[in-house]
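1. coords please:
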Amino acid sequence: MENTPDLPRIIAGTLHRVLEDSDLRTIFRYRHNWHRFYTFLFLTGIRPADMAMLTSRSLARGRNVIGYYRQTTGKYVEVSVPPDLLDVFPMEMPQDQPLFPVLHSDVEDDDHRADQLNEKLGQPAEFLEALLAAAGRPAASLIAFRMTFDHGIKEGNEAFPRALIARLTDPLEIMDMPQS
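-> Numbering: from 1, shown residues only. The predicted model follows:
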């Protein structure tokens, strides 16, 4: 076919879904290489690409806030977080140190940065699918953490993510799995 435009890749709607208790139990049962990243996605509702670009400058510890510019709109957003969530990062970090260095992109060009981010985010996305598949659960995308966070808030339970993760992660088992 001539002059056929490049169309965006379509992702099945079932991947973008609210995670159920059994999904979350599977994801947070073990400490693995992506545990911290998944925890931050789940407890903040921040989009995966935005989370990957956070640096230590994004942390406002005194106000218990993560501030960042959305990758899609450039709009500045602040998200309130529990104080202990920020404690996982050292107090004395260089100001522009990425919070998730393996996912961070230093590319200046927006198009190339987006391509690099998508490629890097494939690692935790594939691991998430593998975790769920191993437990016989349906596949889910990284956006599912945001959808689950939003669903809990819409249900009127602002403590939902913290209470649920506490219930699901006790006791934690260590899962030493290399990142691909």
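
2. going forward, measure contacts between C-alpha atoms and count neighbours the same way
-> Noted.

3. Just give me the neighbour total for the residue lying closest to Ile143 once chain neighbours are set aside.
-> Among residues not flanking Ile143 along the chain, His16 sits closest, at 6.0 Å (C-alpha to C-alpha, 6 or more residues apart in numbering). For His16, the neighbour count with other C-alpha atoms under 10 Å is 18.

4. Look at His16 and give its secondary structure.
-> Following DSSP: H, G, I helix; E, B strand; the rest coil, His16 is assigned to coil.

5. any idea how far Ala144 is from it?
-> As defined by C-alpha to C-alpha, to the nearest Å, His16 lies at a distance of 5 Å from Ala144.

6. Please apply the same query to Val102.
-> Distance of Val102 to Ala144, given as C-alpha to C-alpha: 21 Å.

7. Which one's more surrounded, these two?
-> Neighbour totals were compared for Val102 and Ala144, and Ala144 leads with 22 against 12 (other C-alpha under 10 Å).

8. and Leu117, what helix or strand is that in?
-> helix 110-134 (DSSP states H and E).

9. let me fix that: Ile46
-> Ile46 belongs to no helix or strand when elements are defined using DSSP H and E.

10. before we move on, which element is the residue nearest the centre of the chain in?
-> In the chain, the centroid-proximal residue (C-alpha atoms, centre = their mean) is Leu41; its distance is 3.2 Å. Using DSSP H and E, the element containing Leu41 is helix 35-44.
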